[in-house]
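*Asks:* quick one, fold the following:
(2 chains, ligands or ions: 4)
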Amino acid sequence: MEKNYHVCTGCSLLCDDIEVEAEKNKINKVHTACRIGVAHMKAGKEEAIFRVDNKPVDEATAISEAAAILKNAKNPMIFGLGASTNEAQKTAIELAKKINATLDDTSSFCLGSLVEALISEKIKTCTLDDVRNKADVIIFWGTDPSDSHPRHLSKYSYFPRGSEKQRGWEEERTAIAIDVRKSHTAKICGNYFFQIPPKGDAEFTDALIAGLSGKLPKTSYNYPPKKILELANILKGAKFGVIFVGRGLIYSLENLEPLFRLMKALNEKANFHLMPMVGNYNTMGFNENLFAETGYVNSVKFENGTVLHGPDYSIVEALKERTVDAALIVGSDPFSILPRSIVKNLLEIPVISIDPYETLTSRNSKVYINTAISGVEAGGSATRMDGKKVSFEPAIETNHPSDETILKKIMEAL
Amino acid sequence: MTNAMELYQMLPKTNCKKCGKTSCMAFAVALMARELKPEDCPPLMDEPKYKENYEKLSSIFKPSEGATETGLIVHEDLCFGCGNCVVACPPNVANDPYGVGSGNAPTNINKLVLTIEDGIVKAQNLGECRRFGKNKILCNGCIVTCPVEAIEFV
Ligand code: SF4
Ligand code: SF4
Ligand code: SF4
Ligand code: SF4
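*Replies:* Ligands and ions are numbered 1, 2, ... in the order given. As a prediction, this is how the structure comes out:
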């Protein structure tokens, strides 16, 4: 019997081997997904929800109110879309062009710079399937996939057998964690956990580079040189190495130069790849789609056919400087991810929230439209954290509109 | 986990062979493997001087709350379904190399010891677990790979 697998859109691993037991329009049981994925897949509401000023309305009213807000705005912003399908993202880019909007996503304050370096082929990367099949040295740097991408280690990076890794993780793979705290992932790495002080990453990188060429690795925080040399030796011997880079590392670096230097040094001695640990299921897709359209991965403003780009057009600066006068937020919750001092400015402008979840942002919005959960209630396609395209069909049928449908209707109503 | 030596200390140590084993030590080993129960040693049951030891032994082998035949307990509140234990479990790999053994969905469900259901690990087919039966070994594949100590053997 051919199994009918579904895709989980709970994180950017987009696990494509999920079985569900469903009855009419409700998911009863989920197999193989992690707890985050199960919660995500079962989060669907009974009825579609449309609200204006926190009062229930019908779909048409919510759409026309949203269109009115965007029409009246001189400088609207569209933000989010990391948890939207490629199709919805492309629609949002069209919409942004049409209304001369500022367009940004969470990558502007997360891993955007690194993703841009990858898309413009400045760093060697690989796929998760390559990692499963070949990787012998795996580094988790400033990231804790055990918490953020629970199946990362079991499905790809450490435990599974792969075509060239048949003897298992104990014998054939070394997993290394570099972090400021002993995370769950670090715990699994055992003796290969390297704890460094906050903001110590750049120095550690240079010490490691020194170690790679046999020099004495020095740090201002006196990291035992012997341990760094030991690590350098493991890395030197890698036939297929990969560094998974998380926000912890990016936040601690002033720019990406130390990483570029390390990758260069590593590839002189061994074979190393790098992959950013993007969080939302389709942040990668957003960055790619916007790059294809504009040459930038985030923080843009459309102006009568031209594109402006720069930090001024990131959500943080736009809100800080109060340059935008309305916001359309799709599948994101800035109220819970941005500092209060910045996000409070959102309370002064009309906000439209389009989200499968009720969030702090949806509760503080003038218009809220509850949309379908991708992969559960709506189909589409997305880009996995390693760039692989994944398409999915809905697992159940509900009357929830997809964000793509809603964005199209708003565009028509303009 | 107790070992055979500790169990032996609680037996009559007379090597009377009434249990069918050649010695008390052999009986202790059989207890460990859960082939025999404390009740299978007649002197232990009948003689009042062994009463205390019998009670101790039977409490060790009393099936604990929620424990399986191998003593495996899943702390469901801790487990978050990462699947590390499922993919690392040696019999799982042997019985389903391209399914769970390769990190994917299970394809040989009737032979798997560990699977994930509703985001939590589920133990079944314990006959396959390496801690089960005569040739058992103290496998710890599912313990060392768990980030949150959600699997325990009692
Ligand atoms: S690891 Fe991510 S994609 Fe996979 S099941 Fe968990 S939440 Fe879903
Ligand atoms: S019956 Fe009890 S006392 Fe006798 S040999 Fe067996 S274990 Fe030892
Ligand atoms: S003890 Fe070993 S064989 Fe038994 S469930 Fe754990 S990993 Fe599998
Ligand atoms: S028991 Fe531990 S290793 Fe197994 S799925 Fe649960 S959290 Fe992961």
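*Asks:* list the contacts of the lowest-mean-pLDDT helix or strand in chain B.
*Replies:* One helix or strand of chain B scores below all others by mean pLDDT, DSSP states H and E: helix B:51-61, with a mean of 84. The contact list for helix B:51-61 (Cβ atoms under 8 Å, 6 or more residues apart in numbering or on different chains) reads B:2, B:7, B:10, B:11, B:31, B:34, B:37, B:38, B:39, B:44, B:45. To be clear about C-beta, it is placed using only N, CA and C from the backbone, and glycine gets the same treatment.
*Asks:* ok, the helix or strand just after that helix: who's next to it in the sheet?
*Replies:* For helix B:51-61, the succeeding helix or strand toward the C-terminus, using DSSP states H and E, is strand B:72-74. Partners of strand B:72-74 in the sheet, by DSSP bridges, are strand B:151-153 (antiparallel).
*Asks:* whether the strand it pairs with contacts ligand 3 - can you check?
*Replies:* No. Shown here: strand B:151-153 not in contact with ligand 3 (Cβ under 6 Å from any ligand atom), separated by at least 6.8 Å.
*Asks:* check the offset of that strand from the chain's centre.
*Replies:* Relative to the chain's own centre, strand B:151-153 is displaced by 9 Å; criterion: Cα atoms, centre = their mean, to the nearest Å.
*Asks:* output the below-cut-off pLDDT ranges for the chain.
*Replies:* Looking at chain A here, since you left the chain open. Residue ranges of chain A with pLDDT under 70: A:1-2.
*Asks:* looking at chain B here, not the other one
*Replies:* B:1-2, B:62-69.
*Asks:* how about the strands of it, start to end?
*Replies:* Assigned by DSSP state E, chain B shows strands spanning B:72-74, B:114-117, B:120-123, B:151-153.
*Asks:* quickly note the distance from residue A:94 to residue A:295.
*Replies:* Using Cβ to Cβ, to the nearest Å, residue A:94 is found at 17 Å from residue A:295.
*Asks:* oh sorry, the question was meant for residue B:110
*Replies:* 54 Å.
*Asks:* the two: who's more crowded?
*Replies:* residue A:295 (13 against 9; other Cβ atoms under 10 Å in any protein chain shown).
*Asks:* backbone dihedrals for the more buried one, please?
*Replies:* According to degrees, to the nearest 10, the main-chain angles of residue A:295 amount to phi 90, psi 0.
*Asks:* which residues sit in contact with it?
*Replies:* Under the criterion of Cβ under 8 Å, 6+ apart, the neighbours of residue A:295 are A:307, A:309.
*Asks:* next, the buried residues of the least confident helix or strand of chain B.
*Replies:* Buried residues in helix B:51-61, counted by 16 or more other Cβ atoms under 10 Å in any protein chain shown: B:53, B:54, B:57, B:60, B:61.
*Asks:* does ligand 2 sit close to that helix?
*Replies:* No. Helix B:51-61 does not reach ligand 2 (Cβ under 6 Å from any ligand atom); its nearest approach is 10.5 Å.
*Asks:* quick check: the residue nearest to residue B:134 when sequence neighbours are not counted vs residue B:57, distance?
*Replies:* With Cβ to Cβ, 6 or more residues apart in numbering or on different chains as the criterion, residue B:134 has its nearest non-adjacent residue at 5.8 Å, and that residue is residue B:33. According to Cβ to Cβ, residue B:33 and residue B:57 sit 15 Å apart.
*Asks:* separation between residue A:248 and residue B:138?
*Replies:* 36 Å.
*Asks:* looking at the two, which one has more neighbours?
*Replies:* Between residue A:248 and residue B:138, counting by other Cβ under 10 Å, residue A:248 is the more crowded of the two (20 against 10).
*Asks:* report how many residues lie close to the residue lying closest to the more buried one once chain neighbours are set aside.
*Replies:* Counting by Cβ to Cβ, 6+ apart, residue A:248 lies nearest to residue A:142, which is 2.6 Å off, once chain neighbours are set aside. If you count neighbours by other Cβ under 10 Å, residue A:142 ends up with 22.
*Asks:* write out the residues of chain A neighbouring chain B.
*Replies:* A:3, A:5, A:17-19, A:29-39, A:132, A:146, A:150-151, A:153-156, A:158-162, A:168-169, A:184-185, A:187-188 (Cβ under 8 Å from any Cβ of the partner chain).
*Asks:* ligand 1 next: which of these are close?
*Replies:* Restricting the residues of chain A next to chain B to contacts with ligand 1 (Cβ under 6 Å from any ligand atom) yields A:33, A:34, A:36, A:37, A:150, A:151.
*Asks:* domains of chain A?
*Replies:* Domain assignment for chain A by automatic domain parsing gives A:47-110+A:281-413, A:112-276.
*Asks:* looking at those, which is nearest to ligand 2?
*Replies:* Among those, domain A:112-276 comes nearest to ligand 2, with 38.1 Å by Cβ to the nearest ligand atom.
*Asks:* hmm, the closest one touching ligand 4?
*Replies:* No. Judged by Cβ under 6 Å from any ligand atom, domain A:112-276 makes no contact with ligand 4; its nearest approach is 7.4 Å.
*Asks:* can that domain be found next to ligand 3?
*Replies:* No. Against ligand 3, domain A:112-276 shows no contacts by Cβ under 6 Å from any ligand atom, the least distance being 11.3 Å.
*Asks:* near ligand 1, which residues of chain A are found?
*Replies:* Going by Cβ under 6 Å from any ligand atom, the residues of chain A near ligand 1 are A:8, A:10-11, A:13-15, A:33-34, A:36-37, A:149-151.
*Asks:* from those residues, which land in helices?
*Replies:* Judged by DSSP state H, these include A:36, A:37 as members of helices.
*Asks:* ok, the residues of chain A next to ligand 1 vs residue A:299, which is closest?
*Replies:* residue A:11 (23.4 Å; Cβ to Cβ).
*Asks:* and for that closest one, the neighbour number?
*Replies:* Neighbours around residue A:11, by other Cβ under 10 Å: 25.
*Asks:* thank you kindly, that will do.
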